[in-house]
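K.L.:
Fold the following for me, if possible:
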Amino acid sequence: MEFIAQYNLTGILIGVATFLIIGLFHPLVIKGEYYFGVKCWWVFLLTGIAATAGALCVQELLWSTLLAVWGASSFWSIGELFQQRERVRKGWFPKRERKIFE
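P.N.:
Numbering: from 1, shown residues only. Model (predicted):
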């Protein structure tokens, strides 16, 4: 952490990590809706609450910021999950065919 602070890399690191976190949530929403439908929204809610609470408890600026970004991305993903359902309904994304065993 001293290296990061010494060379003023905190902002760059936060930017790169934010990009990666948002990039991670995109496929999580798509796969979550594909395999579980919108009923997995509560996982994003609990993750968002936990990350936001963590951001309030952590004093280190870098980690607090990254937890806040994680929490905000989790909350945003709830809305995206329901929008993903509409995108699937419109045929923009594949719908999972449920196999029925006879």
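
K.L.:
For the residue positioned nearest the centre of the chain, which residues are in contact?
P.N.:
The structure's the chain has its C-alpha centroid closest to Phe25; by CA atoms, centre = their mean the separation is 3.7 Å. Neighbouring residues of Phe25 by CB atoms under 8 Å, 6 or more residues apart in numbering: 73-74, 76-77, 80. Using the backbone N, CA and C atoms, a C-beta is placed for each residue, glycine as well.

K.L.:
which SSE is it in?
P.N.:
For Phe25, the enclosing helix or strand under DSSP states H and E is helix 10-36.

K.L.:
Okay, buried residues for that helix please.
P.N.:
Within helix 10-36, the residues that count as buried by 16 or more other CB atoms under 10 Å are 18, 21, 25, 28-30, 32-33.

K.L.:
Nearest to Ala53 among those residues?
P.N.:
Nearest to Ala53, judged by CB to CB, of these is Ile21 at 17.1 Å.

K.L.:
Can you tell me how far the closest one is from Val69?
P.N.:
Applying CB to CB, to the nearest Å, one obtains 5 Å for the distance of Ile21 from Val69.

K.L.:
Then Gly91?
P.N.:
Remark: distance between Gly91 and Val69 (CB to CB) = 32 Å.

K.L.:
quick one, which of those two is more surrounded?
P.N.:
For the pair Gly91 and Val69, the greater number of neighbours falls to Val69 (19 against 8), based on other CB atoms under 10 Å.

K.L.:
Am I right that that one is in contact with Leu20?
P.N.:
No. The criterion here is CB atoms under 8 Å, and Val69 misses it with Leu20 at 9.8 Å.

K.L.:
what's near enough to touch Gln69?
P.N.:
Careful, residue 69 is Val; it's not Gln. With contact set as CB under 8 Å, 6+ apart, Val69 has these partners: 14, 17-18, 21.
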